[in-house]
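# Predicted coordinates and the sequence they were generated for:
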Amino acid sequence: MTMEENVIELKNVEKTFRDFWLRPLAHAVRGLDLEVRRGDVFGLIGPNGSGKSTTIKMILGLIRPTKGTVRLFGLDPRAKAARARLGYLPELSHLHPFLTAEETVMYYAGLSGMKRKEAKVRAAELLAELNLTHAAKRTVGGFSKGMARRVAIAAALVASPELLILDEPTSGLDPIGTREVKELVEKLASGGMTVLLTSHQLFDVQDICSRVAVVSEGRQVGGGSVAEIVANAKDKRHALEEYFEERLNIRKDAQ
Ligand SMILES: Nc1ncnc2c1ncn2[C@@H]1O[C@H](COP(=O)(O)OP(=O)(O)O)[C@@H](O)[C@H]1O
Ligand SMILES: [Mg+2]
């Protein structure tokens, strides 16, 4: 891959879910263009049901677009060579409560093809990087939600991906858990990781994302550099919230 190439590229993507009789159930995505560049911490933001998770599933190659093209590292997202380069935290991730943090990460390392010895080394390395070494031998069932989420992120990182996709990484976390996850994403990003995340908490997105796209009802209604959005805002602290509401209102007015 050349430096100029986008890590993720969507062109005029549509996704219509249909029922058994092929009758349209939901127009989840209705013509989306998206570019995530190397080194971006990209926030996909929008109300519930606006098509964020559907977009992520198309990027992962789990579902196919009805129309348009999706490229991951310049390849079809179903290509093994593309998928091997990303890590993914699903919206609802379930960890086995009786496994320790170390066993959990080793389990995922095993799934990605590592031998036991290699998996053990990788787990120790990751848990140290994520400041979880002290909890390595404890079962995750007893962890705080923030710690459990970090273990799930560690699991997504086993194969040293270049791109990390996080669907609602801070949902359901208290402020401390949220801060733990935010600090982790910031650390990964400063190490050069490209990140795509979705979130409801615009405050957090403003802190950690370099660029955003605002989606509503499957369409992009705004987006750009977070630094620019903050620079143009009246209330800097709530810049992204202000921008988000303004973009959604514009969209309503246009209807
Ligand atoms: N498998 C599916 N079958 C039918 N409709 C779906 C399916 N997945 C998502 N949808 C619908 O598509 C729309 C977008 O959903 P989603 O992408 O999950 O939104 P978000 O992640 O932004 O909350 C919603 O109306 C949702 O009900
Ligand atoms: Mg979602």
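Sure thing, it's come through. Residues are numbered from 1 along each chain as shown. Ligands and ions are numbered 1, 2, ... in the order given.
# what is the rounded mean pLDDT of stretch 204-218?
In this model, stretch 204-218 has a mean pLDDT of 95.
# okay, how far is it across it, tip to tip?
From its first residue to its last, stretch 204-218 covers 22 Å (C-alpha to C-alpha, to the nearest Å).
# Work out the gap between that stretch and the centre of the chain.
Counting by C-alpha atoms, centre = their mean, to the nearest Å, stretch 204-218 is centred 11 Å from the centre of its parent chain.
# In it, which residues are buried?
For stretch 204-218, burial by neighbour count (16 or more other C-beta atoms under 10 Å) applies to 204-206, 208-209, 211-218. The C-beta positions use only the backbone N, C-alpha and C, and glycine is treated the same way.
# go on, stretch 113-125?
Neighbour-count burial for stretch 113-125 flags Met114, Ala119, Lys120, Arg122, Ala123 (criterion: 16+ other C-beta under 10 Å).
# same deal with stretch 129-137?
Neighbour counts over stretch 129-137 (16+ other C-beta under 10 Å) mark Leu130, Leu132, Ala135, Ala136 as buried.
# Within range of ligand 2, give me the residues from the stretch 1-150 of the chain.
Lys52, Ser53 (C-beta under 5 Å from the ion).
# residue ranges of the helices in the stretch 1-150 of the chain, please?
52-59, 80-83, 101-111, 116-129, 145-156 (DSSP state H, counting those that start in this stretch).
# Checking my notes, Val221 in a strand, right?
Yes: counting by DSSP: H, G, I helix; E, B strand; the rest coil, Val221 is part of a strand.
# number of nearby residues for it?
Neighbour count of Val221, defined by other C-beta atoms under 10 Å: 20.
# For ligand 1, what's its nearest residue on the stretch 101-250 of the chain.
Of all residues in the stretch 101-250 of the chain, Thr198 sits closest to ligand 1, at 6.5 Å by C-beta to the nearest ligand atom.
# and that residue, what is it in contact with?
Neighbouring residues of Thr198 by C-beta atoms under 8 Å, 6 or more residues apart in numbering: Gly43, Leu44, Ile45, Gly46, Lys52, Ser53, Ile56, Leu166, Asp167, Glu168.
# Alright, I will stop here.
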